[in-house]
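A.B. asks: Provided below for reference: sequence and predicted model.
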Amino acid sequence: MLPSDAENVYLTLTAKSMNPAVRVVSRISDERARSKLKRAGVDRAIFPFQADIRTRHQASLLAVRRSDGEMLLNPDSNVTLSDDDVRVAIGEVNGLDDLAARCRPD
């Protein structure tokens, strides 16, 4: 996992050209990059929860419901969000709009 989404796209394209069957899991720093990584061949893109979400978005993540039904209440800063997770947040309207925009794919 490289520091930027663009580098992860390049790495994915390179890996898939060398071995199309390789499974690629990539970190994304911005949810809007998810579709680009998927087009490049990423099998799973994960979005690490940012510890500074309260400061940056004036919002708090209260819970995450995984696609298999697992509920994470009051998730800590190490939780990793994936495509199918449902996020429950509370905060100022502008902060929630900001957070939603960041989590929305292109």
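C.D. replies: Happy to help now that I have it.

A.B. asks: name the helices or strands packed onto the helix ranked longest in the chain?
C.D. replies: Across the chain, the longest stretch assigned as helix under DSSP state H is helix 5-18. Helix 5-18 sits against strand 25-27, helix 34-40, with contacts defined as 3 or more CB pairs under 8 Å, 6 or more residues apart in numbering; DSSP states H and E. C-beta coordinates here come from the backbone N, C-alpha and C atoms, glycine included.

A.B. asks: ranges for the strands of this structure?
C.D. replies: Per DSSP state E, the chain carries strands over the ranges 25-27, 44-48, 59-65, 71-73, 80-82, 86-91.

A.B. asks: state the distance from the nearest residue to Ala59 once chain neighbours are set aside to Glu70.
C.D. replies: Closest residue to Ala59 apart from its sequence neighbours, by CB to CB, 6 or more residues apart in numbering: Gly91 at 3.0 Å. Gly91 sits 24 Å away from Glu70, going by CB to CB, to the nearest Å.

A.B. asks: more neighbours, the two?
C.D. replies: Gly91 (18 against 9; other CB atoms under 10 Å).
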